[in-house]
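**Student:** With the input below, show me the fold.
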Amino acid sequence: MSVPSGGTEGSFEVRLGVDVRRDLVERSDAGTAGRPRSAAVALALIAAVGLSACSAATSGGGESGGEGDAGEPVVIALQQDVSTLDPTKEYSANATGTYSNIFDTVTAISTDGELEGVLATEWEVTEESKVWEFTLRDGVKFSNGEPLTADDVVFTFETIKKDKTSPYAAAVATLTAVEKVDDTTVRFVHDSPRSDWGRLLNVFSIVPDEAYAEDPEAFATKPIGSGPYKVARWAVDTVMELSANEQYWGDAPAVERATFQIVPSVTSAVSALRAGDVDIVPTVPPEEIESLESAENIELETAETNRVAYLGMNLEDGPLSDNSFRQAIAAAVDREAMVTVLAGQAKPNGQPVTPATFGFDEDMPVPTRDLQAAKELVSESGYEGETITFTYPTDRTPWMTNLAQLIAGQIEEAGINVELAPVKYSSFLSDWFDAKKSLKGIYLHTYGPSGMDAATPIQEFLTNPTRTSYSNETVNQLTAEQLAEDDEAARADAISELFQAASEDAPYVWLFTELQTGGVSAEFDWAPRADTQVRVKEVTPAS
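**Tutor:** Prediction:
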């Protein structure tokens, strides 16, 4: 195994200007009743994450940023900020999580994985899941006091459809019309079956027609939503302060104010949690868990996520075009050893989705390592010793390098030569979107569908011609069948059959379900969600 030098693991940077830095210290020094935030701790946190450049602070939703004491805020350390507060312009787990505090969606996925209404109170699906009609909740208002109607829902999707560079383009590719039936009814029409549409709607934040159209650029920094919170202040890549939305239609949140503190280094975030400078670190790295288990006034909460770690393979790259060779790699990997390396923060998995995602087959066995079979399959494939490039991103997930080295060693034990190729995540992600052309050999990545539905990974991995050269007629047929099936049990059966058919070709090796362990101050109750989003409304003062 060849391991190049010069990786970028841990090279994080926060952009923070002098004025914002001073403001952070002043607010930390002033603190809040019951828990002072010391300037010394704030300065230590700033120094720990390496501050440079500058960032402009803005107040959101028309607020000045100074609202007086409205109860003690919960301070949450996030590794990454959003690039915009316009929810039609950014699509990621981090972004949809942030937006869920400010905006409402038509539907949502409950903590137990069920589809439920948010703005929708009921819906009807017709024409083989091509047409979805939703009845909207009465009395919903945006934070500026204007009512939310079907016009706003139609406007949101038309805005996304008109934007040819929208990150949601693939998600709405089949959507041919969004129609206002009346003020409280909206109809979505697709050109092909979309049985997953109800779940997928949980990622689309609804924006106000008039306020957005008046000045989209201003909206991107001072958003107006109908969610439980509004933005009181935002300093890009530094801090976002939220306050309860008085116009919110639902139950008032138990915590009136929240602060998202951007801390790219998870080690620094954990140090801040220990020091009492933050209240919640959503993802504690495996190497920090044992030490936090004995820490006073800190609780650890763990959940299975929707994310699966996997090995992708370029089926047009030399030996990988041979099914026996791919099956050899699948047989060589040892998932239990991976769980050990990750300090128990994983569960072996052999399919593209996790138990939190619709379509997971609990009866599908997880393959175990069979090194002898792997060696025999290598010999059967006619492999002649070519070096297989193994690409992985280094600067997004702290444990990725250790995991890649472990897997490379396991594969080499089967008689396959591997060369590790670490790259920055930004470069990796760009290549991943066009993996068939840009990623040679094998690669390590993780994936979780925001819609919490198997239809998305099926499309991304098994039927996407730019992502993979893999094609299987049975898989394609079952993909179409499950998308047209409105009976969930029958649809789940089709997905299970599809997964089994794909596994016989081994275009990917599914490794494990990621677990998420979060650290939370004893002053608050909170637990991670399967979709990894941080929804402040789910935080409550400790009982």
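
**Student:** so what pLDDT did Ala218 get?
**Tutor:** At Ala218, the pLDDT value in this model is 97.

**Student:** Tell me the secondary structure at Pro193.
**Tutor:** The local conformation at Pro193, judged by DSSP: H, G, I helix; E, B strand; the rest coil, is coil.

**Student:** Do I have it right that it meets Thr126?
**Tutor:** No - using C-beta atoms under 8 Å, Pro193 is not in contact with Thr126; the gap is 11.1 Å. For every residue, glycine as well, the C-beta is placed using N, CA and C.

**Student:** more crowded one of these two?
**Tutor:** Legend: neighbour count by other C-beta atoms under 10 Å for Pro193 and Thr126, higher for Pro193 (20 against 11).

**Student:** if I look at the residue nearest to the more buried one when sequence neighbours are not counted, how far off is Pro449?
**Tutor:** For Pro193, ignoring the flanking residues on the chain, the nearest one in space by C-beta to C-beta, 6 or more residues apart in numbering is Ala484 at 3.7 Å. Going from Ala484 to Pro449 by C-beta to C-beta, to the nearest Å gives 19 Å.

**Student:** more crowded one of the two?
**Tutor:** Under the criterion of other C-beta under 10 Å, the comparison of Ala484 against Pro449 puts Pro449 first, with 29 against 17.

**Student:** show me what contacts that one?
**Tutor:** Pro449 is in contact with 306, 353, 357, 455-457, counting by C-beta atoms under 8 Å, 6 or more residues apart in numbering.

**Student:** tally of neighbours for Thr446?
**Tutor:** Neighbours of Thr446 (other C-beta under 10 Å): 18.

**Student:** Local confidence estimate at it?
**Tutor:** You'll see Thr446 listed with a pLDDT of 95.

**Student:** swap in the one 3 residues further on?
**Tutor:** Model confidence at Pro449, expressed as pLDDT, equals 94.

**Student:** Also Asp431?
**Tutor:** Reported pLDDT at Asp431 in the predicted model: 89.

**Student:** same check, this time on the one 10 residues further on
**Tutor:** The pLDDT attached to Gly441 in the predicted structure is 96.

**Student:** For Thr354, see how far away it is.
**Tutor:** When C-beta to C-beta is the yardstick, Gly441 and Thr354 sit 26 Å from each other.

**Student:** Have a look at the two and say which one is more surrounded.
**Tutor:** In terms of neighbours (other C-beta under 10 Å), Thr354 is the more surrounded of Gly441 and Thr354; the figures are 24 against 20.

**Student:** what sits against that one?
**Tutor:** By C-beta under 8 Å, 6+ apart, the neighbours of Thr354 are 304-308, 360, 448, 513-514, 530.

**Student:** which pair in those residues spans the largest distance?
**Tutor:** Among the contacts of Thr354, the pair separated by the greatest distance (C-beta to C-beta) is Phe360 and Glu514, at 14.0 Å.

**Student:** Would you map the helices across the stretch 1-150 of the chain?
**Tutor:** Secondary structure of the stretch 1-150 of the chain (DSSP state H, counting those that start in this stretch): helices at 18-30, 39-48, 93-99, 150-162.

**Student:** Run a quick neighbour tally on Thr146.
**Tutor:** Careful, residue 146 is Glu and not Thr. Around Glu146 sit 16 other residues, with neighbours defined as other C-beta under 10 Å.

**Student:** if you skip the residues just before and after it, what's nearest to it?
**Tutor:** With C-beta to C-beta, 6+ apart, the residue lying closest to Glu146 is Pro208, at 6.0 Å.

**Student:** Over to Asn417?
**Tutor:** In this structure, Asn417 finds its nearest non-sequential neighbour in Thr387, 4.7 Å apart by C-beta to C-beta, 6+ apart.

**Student:** Confirm for me that that neighbour is in contact with Glu419.
**Tutor:** Yes - look at Thr387 against Glu419 with C-beta under 8 Å: they come within range, at 5.1 Å.

**Student:** Would you agree Thr111 is in contact with Asp531?
**Tutor:** No - if you go by C-beta under 8 Å, Thr111 and Asp531 don't touch, sitting 9.4 Å apart.

**Student:** Those two - which one has more neighbours?
**Tutor:** Between Thr111 and Asp531, counted using other C-beta under 10 Å, the more crowded position is Asp531 (27 against 14).

**Student:** Figure out the helix or strand that that one lives in.
**Tutor:** If you go by DSSP states H and E, Asp531 is not part of any helix or strand.

**Student:** For Gly198, see how far away Ala494 is.
**Tutor:** When distance is defined by C-beta to C-beta, Ala494 is 17 Å away from Gly198.

**Student:** which one of these two has more residues nearby?
**Tutor:** Applying other C-beta under 10 Å to Ala494 and Gly198 shows that Gly198 carries more neighbours, namely 24 against 21.
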